[in-house]
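# Sequence plus the predicted model coming up.
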Amino acid sequence: MRLALLLVMIASSGVTLAQGKALHDSACLQCHASLGGGDPNQLYTRGDRTVKSLDGLKKRVAYCTKAADVSWDKSQQQAVVDYLRQRFYNF
Ligand code: HEC
């Protein structure tokens, strides 16, 4: 019973992260690549990156969502925040 619950939790977080990555890569990579000398993800990994907290990340994603001209609902935005947090920011 416990194991089943754990597996469901792992599976659903995997789906969310995969969704976050898919949303991110379709809407956000291109502009960031033009900023980052061809490597779109260096924005998140550079030493002087601007986002330092989860709150800051949420604000930045909300702001950049407008720049990307997509209309994501809250859960889609959250999926992208989760993806970036886990993959790059580690907070
Ligand atoms: C039209 C261009 C553009 C698009 C599209 C765009 N961004 Fe950005 N993004 C920027 C710029 C410009 C910066 C700031 C770069 C700097 O600080 O030098 C930035 C920075 C960021 C940062 C902060 C990086 C740091 O310094 O820690 C995050 C997070 C981010 N963007 C997320 C997103 C997400 C998520 C999307 C897709 C919804 C997106 N961006 C789409 C232009 C864009």
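Cool, the structure landed.
# which helices and strands sit right next to the helix or strand of the chain with the lowest mean pLDDT?
When the helices and strands of the chain are scored by mean pLDDT, DSSP states H and E, helix 2-27 comes last with a mean of 82. Using 3 or more Cβ pairs under 8 Å, 6 or more residues apart in numbering; DSSP states H and E as the contact test, the elements touching helix 2-27 are helix 74-84. From N, CA and C alone the C-beta is placed, and that goes for glycine too.
# what angle sits between the helix it packs on and helix 2-27?
90 degrees (axes from the mean of the first three to the mean of the last three Cα atoms, to 10 degrees).
# Pull out the buried positions in helix 74-84.
Buried residues in helix 74-84, defined by neighbour count with 16 or more other Cβ atoms under 10 Å: 76-77, 79-84.
# so where does Thr50 fall, helix or strand?
Element membership for Thr50, per DSSP states H and E: none, as it lies in no helix or strand.
# ok so, going back, give me the distance from the least confident helix or strand of the chain to the chain's centre.
Offset of helix 2-27 from its chain centre (Cα atoms, centre = their mean, to the nearest Å): 12 Å.
# Likewise for stretch 55-64?
Computed by Cα atoms, centre = their mean, the chain-centroid distance of stretch 55-64 equals 10 Å.
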